[in-house]
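[1] Take this sequence and fold it.
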Amino acid sequence: MQVFFSPTHSGHRPGQTFRHGRIVTNRDLPTRADNILAALRQDGHRLGEAKWHGMAPIQAIHTPEYLDFLKTAWGEWRKIEGASDDVFPYIFPVRGMDNAYPTSIVGRAGYHMHDAWAPIGEHTWKVALDSANLAVEAAEFVLAGNRLAYALCRPSGHHAFADMGGGNCFLNNASIAAHHLRRGFGKVALIDVDVHHGNGSQGIFWRRRDVLFVSLHRDPIDYHPYFVGHAHERGEGEGLGFNLNLPLPAGTGDDGFLGAMETACARIQTYGADALVVSLGVDAHEADPTAGLAVTFDGFRRIGARLAELNLPTVLVQEGGYNMDTIARCVAGALAGFEGRETSA
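    As a prediction, the model looks like this:
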């Protein structure tokens, strides 16, 4: 399989985050991508870097105000006396009362970040751009007539809305790829198999029918992102009926996940998708510290194999996965399943 990666990802090194009221070590470590890349190299995948595709594909998804915020946030934040090394939002708009756009970086951070799980460091903007550009490169590869490509994106993207980041996400790589594929395909399906609901992706395509969004995830009634990802959410306006959420009970294993995959794949087929984007999070693994679902290594192989049966031009985009000892084997297994072969990872 063609794999696209960026060596600059290691420039994004968030040291801390907030969890359960405490400052703790951030889970989005460069080791995540390094381990995946080593496993894919061992498996014999074709590795390549991306040429720069410009801002247009990113601007097609994200608002000018948000992009300017990401570009300037760290520099403005560091002008505050006594400020933390990274940008951490700590005051947020009240629902229905965000009646003005703030000029202060403190206000802008709260306006454009929906949680405190995505600290912005000195190099975050550049790394996020490179990550999104990988998704565009993979989409271009498929638009050129190839059937399959994988983008090793870090930071991940599926929690990023058009004008908000959060959950270790800044630019929505998979959504950028899906929209970019519309240049050559009439209908695109975006399926998200991360343990967390892709709330940003849902928000981006909520009122669109040219991109079907399907998400399989741990039930958010008591799990991140809590406020969205429920089965009754189906889209609005032209997008009504083109959003499918398949929330799963805590601890769901291979059979339950693959059963929901059948529902997801059936919807993609009835939709008549011409191309597919996969938000490939592997934090649903039974040993992942997010402790949401219980998919095994073989389960990820089966997920890849089932998606391959859709027989669509496909872009796979890396999302979550936070156990440094299992993430590479999970990803390698999913890619091997998609290609119908074994992995040595």
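
[2] make it CA atoms for all contacts and neighbour counts henceforth
    Noted.

[3] contacting residues around G292?
    Applying C-alpha atoms under 8 Å, 6 or more residues apart in numbering, we find G292 in contact with 195, 218, 223, 250-251, 284, 286.

[4] Now intersect the residues you listed with the helices, please.
    Nothing among the contacts of G292 maps onto helices, per DSSP state H.

[5] Just flag the most distant two among those.
    Using C-alpha to C-alpha, the pair of the contacts of G292 lying farthest apart is Y223 and E286, separated by 15.9 Å.

[6] Settle it for me: which of those two has more neighbours?
    Taking other C-alpha atoms under 10 Å, Y223 and E286 do not tie; E286 has more neighbours (20 against 17).

[7] Apart from its neighbours in sequence, what residue is nearest I61?
    In space, and not counting its chain neighbours, I61 is closest to A162: 5.8 Å by C-alpha to C-alpha, 6 or more residues apart in numbering.

[8] which residues sit against the longest helix anywhere in the chain?
    In the chain, taking DSSP H as the definition, the longest helix is helix 124-143. Applying C-alpha under 8 Å, 6+ apart, the contact partners of helix 124-143 are 4-6, 8-9, 11-12, 49-53, 57-58, 70-71, 148-156, 170-174, 176-178, 180-181, 184, 313-315, 317.

[9] Any of the residues you listed buried? List them.
    4-6, 9, 11-12, 50, 57-58, 70-71, 148-156, 170-174, 176-178, 180-181, 184, 313-315, 317 (16 or more other C-alpha atoms under 10 Å).

[10] So which of those residues belong to strands?
    Among those, the ones falling in strands (DSSP state E) are 4, 148-151, 314-315, 317.

[11] What ranges does the stretch 101-250 of the chain have for its helices?
    With DSSP state H, counting those that start in this stretch as the definition, the stretch 101-250 of the chain shows helices at residue ranges 105-112, 124-143, 173-181, 199-205.

[12] Quick check: which of those has the most neighbours on average?
    helix 173-181 (a mean of 28; mean count of other C-alpha atoms under 10 Å).

[13] can I have it written out in CSV, keeping just the CAs?
    What follows is helix 173-181, C-alpha atoms only, in CSV (Å, rounded to 0.1, in the frame of the first residue of the first chain):
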residue,chain,number,x,y,z
ASN,A,173,-7.6,15.7,7.9
ALA,A,174,-10.2,13.1,7.0
SER,A,175,-12.8,15.8,6.1
ILE,A,176,-10.3,17.7,4.0
ALA,A,177,-9.6,14.4,2.1
ALA,A,178,-13.3,13.6,1.7
HIS,A,179,-14.1,17.1,0.3
HIS,A,180,-11.0,17.0,-1.9
LEU,A,181,-12.1,13.7,-3.4
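
[14] okay, the helices of the stretch 101-250 of the chain in a markdown table with distance to T290 and mean pLDDT next?
    Formatted as a markdown table, the helices of the stretch 101-250 of the chain follow (distance: least, C-alpha to C-alpha, whole Å; pLDDT from 0 to 100):
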| stretch | distance to T290 | mean pLDDT |
| --- | --- | --- |
| helix 105-112 | 24 | 98 |
| helix 124-143 | 23 | 98 |
| helix 173-181 | 21 | 99 |
| helix 199-205 | 17 | 98 |
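
[15] so what's L248 up against?
    Applying C-alpha under 8 Å, 6+ apart to L248 gives the contacts 216-219, 256-257.

[16] Quick one: buried ones out of those residues?
    By 16+ other C-alpha under 10 Å, the contacts of L248 give 216-219, 257 as buried.

[17] just checking, S175 touches Q59?
    No - S175 lies out of contact with Q59 (C-alpha atoms under 8 Å); the separation is 11.7 Å.

[18] thinking again about what came up before, in strands, which of the contacts of G292 fall?
    Counting by DSSP E, the contacts of G292 place R218 in strands.

[19] Tell me the one of the contacts of G292 nearest M113?
    Once C-alpha to C-alpha is applied, the member of the contacts of G292 that ends up nearest M113 is Y223, at 18.7 Å.

[20] What are the neighbouring residues in contact with that closest one?
    G292.

[21] All further residue positions should be reported with the first residue as 17.
    In the new count, where the first residue is 17, that last one comes out as Y239.

[22] Which pLDDT value goes with it?
    Here, the pLDDT recorded for Y239 equals 97.

[23] neighbours of G320, just the number please.
    Neighbour count for G320, taken as other C-alpha under 10 Å: 24.

[24] cool, A266 as well?
    16.

[25] Pull the contacting residues for it.
    A266 touches 234-235, 308-309, counting by C-alpha under 8 Å, 6+ apart.

[26] And N215, by the same measure?
    The contact partners of N215, by C-alpha under 8 Å, 6+ apart, come to 174-177, 241, 244-245.

[27] Could you rerun that using 6 Å?
    H175 (C-alpha atoms under 6 Å, 6 or more residues apart in numbering).

[28] for P46, same thing?
    Counting by C-alpha under 6 Å, 6+ apart, P46 makes contact with S26.
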